[in-house]
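1. Pasting the sequence and the predicted coordinates here, then a few questions.
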Amino acid sequence: MTPLRLALALAVVAVLAALPWFGSDLIIQFGINTLLLAVLAQGWNIIGGYTGYASFGNSVFYGLGSYGVAIAMVQWHLPFGVGLVFGVLLAVLFACTLGAAVLRLKGHYFAIATLALGQVMTAIVSNIPLAGQNIGLVLPPLNNDRLFYELSLGLLVLATLTIFWLTRSRFGFGLIAIRENEEGAAVMGVNTTLYKVLAFALSGLFSALAGGIHAYWITFLDPESAFDISLNVKMIIMAVFGGPGTILGPIVGAFSLSAISEFLSSEVTNLAGLFFGIVIVGAIVLMPRGLADIVRNVPKSGWRYFRQNIRAHRL
Amino acid sequence: MNVAAERTPLLRVEGLSAGYGEMLALREASLEIYPAEIVALVGSNGAGKTTLLRALSRVVRSTGRIVFNGHDLDVLTPDEVFGLGLVQVPEGRQLFDRMTVQDNLLMGAYRRDDKAAVLRDLDRMYAMFPRLKERTRQLAGSLSGGEQQMCAMARALMAAPVLMMVDEMSLGLAPVVVEQLMGVLDAIRDEGVTVLLVEQDVQLALSTADRGYVLETGRIVHSGPASELIDDPAVRQAYLGL
């Protein structure tokens, strides 16, 4: 990393960190939501972008993180921090036990198997008294949006630094090798099962932390919203829009799509959903490998880049 | 060639059986491989060649004994076996198609910590395969079949193997390329790397190897110096159509 880029990154983080002191309440709330979505997209990036396993199970980690905090605080009257740790433990335990089973599946089969996990968790949690069954739990309110904002920003920085470390570590190279050719990776001495489970768990760790912060901020959760599959779809779209398997792509994807979605839903209220869909379809057709790939290739090949992508779709 | 009897084998396989579910693809196979020799393992489709390789790499479970360089392999995982220097050039190459040739070779040195030696080996590979040197920045998926096989062999050699197991190297390649690759095997054997060559092309394998084993429906039916096997009437009739 060049000193210039480092300075630029620090400046961006500093500006983002200062935002709650001059932005309106609305901006701060939008900021918390966006930052947490960016954390989820980054978490997905580890298993989906770098390891090549398109997981639909990350919303389960998110839900477990939420419930970890809620159960610890409401039922056991423990502090928030302990709840976060408890949520992370649940998510990592889940990733290791179920990951060992579902990570044997590849491609669509893996996606479908993980898709079912969210539904199963909703059904299970709805029947656990400790988790408030299908009524849910109400957390003690804490009216301090600045704190939640800074926590979310800190978490995003931590997730991004982790991915930065991944791209230059032996572990990260092993994951990329698995994505490119799993059998080839195994032949070259990569312990593929272990690496996949670790990537799944690492991905789960960040999703769970995001879920925990979100639960305390919103102060209410129920099984339906905690294990909501559409949240998982969102994080995938954001990571893929920005550029899966890149350090900053998912952040750019989360920020830009959140802004577009927010703008549309306030300006053209009843058509917002439709426009958002058009944005996604357009992105998939014109830039299937995300914004990061555009930055890399458009200066070189110009409009030809988009034409090639359209042709690759056989439209 | 009775030098073999005096040395300790690099790899000793005793009564090895392996298979998938109830079906045994390999029954009571025994073989020995000595340091710095090329051993051919030949047989037709479904004879159990690949199963034997997979058992050696610990990808399939097996019964019997496998001793490599003084280590019992039965209790080890695939990556631990790799760590001992038992490296495969897999059937179908299994390259990282969307990575450059250079990155593919560096992936071979994935488990090595000696950076300077890795770079030295990289130069050695390019000297051994000049075709790859012309294509260092090219994506491995865009290479021709022969070049891909060279890349797969170079990648395996980058792992600094003690025993290199080459699975169906000649499959789908032009004879002139195969000849070139056989020359490379000879060269690395002379540098002290032991080679286990698994081939369907019996004539080709036996004409390059020092010794050979013939597998048939999961059992080893013939073994001996390659030059004798190639003249064995039973082998000639069954595999060479002579």
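-> Yes, it's here.
2. check which helix or strand covers the residue most central in space within chain B.
-> Residue closest to the average C-alpha location in chain B (C-alpha atoms, centre = their mean): B:Met165, at 1.8 Å. For B:Met165, the enclosing helix or strand under DSSP states H and E is strand B:163-167.
3. Give the pairing partners of that strand; include direction for each.
-> Sheet partners assigned to strand B:163-167 using DSSP bridges are listed as strand B:86-89 (parallel), strand B:194-199 (parallel).
4. wouldn't the residue nearest to the centre of chain B be in contact with B:Leu196 here?
-> Yes - counting by C-beta atoms under 8 Å, B:Leu196 is a contact partner of B:Met165 at 4.5 Å. C-beta coordinates here come from the backbone N, C-alpha and C atoms, glycine included.
5. so what's in contact with the two at the same time?
-> Common neighbours of B:Met165 and B:Leu196 (criterion: C-beta atoms under 8 Å, 6 or more residues apart in numbering or on different chains): B:Leu53.
6. Please enumerate the strands of chain B.
-> B:11-20, B:23-33, B:38-42, B:62-68, B:71-72, B:86-89, B:163-167, B:194-199, B:211-216, B:219-225 (DSSP state E).
7. Check which helices and strands the longest helix anywhere in chain B sits against.
-> Longest helix in chain B by number of residues (criterion: DSSP state H): helix B:175-190. With contacts defined as 3 or more C-beta pairs under 8 Å, 6 or more residues apart in numbering or on different chains; DSSP states H and E, the secondary structure elements packing on helix B:175-190 are strand B:38-42, helix B:145-158, strand B:194-199, helix B:202-208.
8. which residues sit against it?
-> When contacts are defined by C-beta under 8 Å, 6+ apart, helix B:175-190 is touched by residues B:36-38, B:128-129, B:145-146, B:149-150, B:153, B:157, B:164, B:166, B:169-170, B:173, B:195, B:197, B:204, B:208.
9. ok so, going back, show me the one of the strands of chain B that comes nearest A:Leu105.
-> Across the strands of chain B, the minimum distance to A:Leu105, taken as C-beta to C-beta, is reached by strand B:11-20, at 18.9 Å.
10. Quick one: name the residues of chain B near chain A.
-> Counting by C-beta under 8 Å from any C-beta of the partner chain, the residues of chain B lying close to chain A are B:57, B:59, B:77-79, B:82-83, B:87-88, B:90, B:94-99, B:107-108, B:110-111, B:155, B:159.
11. does the residue nearest to the centre of chain B have beta-bridge partners, and which?
-> According to DSSP bridges, the residues that bridge with B:Met165 are B:Gln88, B:Leu196.
12. and it, what is it in contact with?
-> B:Met165 makes contacts with B:Leu53, B:Leu56, B:Ser57, B:Leu86, B:Val87, B:Gln88, B:Val89, B:Val195, B:Leu196, B:Val198, as judged by C-beta under 8 Å, 6+ apart.
13. Can I get those residues in TSV including pLDDT and neighbour count?
-> As requested, the contacts of B:Met165 are exported to TSV (pLDDT from 0 to 100; neighbours: other C-beta atoms under 10 Å in any protein chain shown):
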residue	pLDDT	neighbour count
B:Leu53	91	21
B:Leu56	92	23
B:Ser57	89	21
B:Leu86	94	29
B:Val87	94	26
B:Gln88	91	29
B:Val89	93	24
B:Val195	96	23
B:Leu196	96	25
B:Val198	93	24
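14. Relative to A:Met238, which of the strands of chain B is closest?
-> Among the strands of chain B, the nearest to A:Met238 by C-beta to C-beta is strand B:86-89 (39.4 Å).
15. so where's the stretch 151-300 of chain A shaky on pLDDT?
-> Within the stretch 151-300 of chain A, no range satisfies pLDDT under 70.
16. how is chain A carved up into domains?
-> Under the assignment automatic domain parsing, the domains of chain A span A:25-253, A:268-315.
17. So for chain B, which of the ones you listed sits nearest?
-> Closest to chain B of these, according to C-beta to the nearest C-beta: domain A:25-253, at 3.5 Å.
18. Span of that closest one from start to end?
-> Across domain A:25-253, the straight-line distance between its terminal residues is 23 Å, by C-alpha to C-alpha, to the nearest Å.
19. ok now do the closest residue to B:Arg7 other than its chain neighbours, which residues does it touch?
-> The shortest distance from B:Arg7 to any non-neighbouring residue, by C-beta to C-beta, 6 or more residues apart in numbering or on different chains, is to B:Tyr34 (5.4 Å). Taking C-beta under 8 Å, 6+ apart as the contact definition, B:Tyr34 lies against B:Ala4, B:Arg7, B:Pro9, B:Leu10, B:Thr194.
20. From chain A, how far out is the last one?
-> I take that to be B:Thr194. Relative to chain A, B:Thr194 is positioned 18 Å away (criterion: C-beta to the nearest C-beta, to the nearest Å).
21. Tell me which residues touch that residue, please.
-> B:Thr194 is in contact with B:Leu10, B:Leu11, B:Ile33, B:Tyr34, B:Pro35, B:Ala36, B:Glu37, B:Ile38, B:Val39, B:Val162, B:Leu163, B:Met164, counting by C-beta under 8 Å, 6+ apart.
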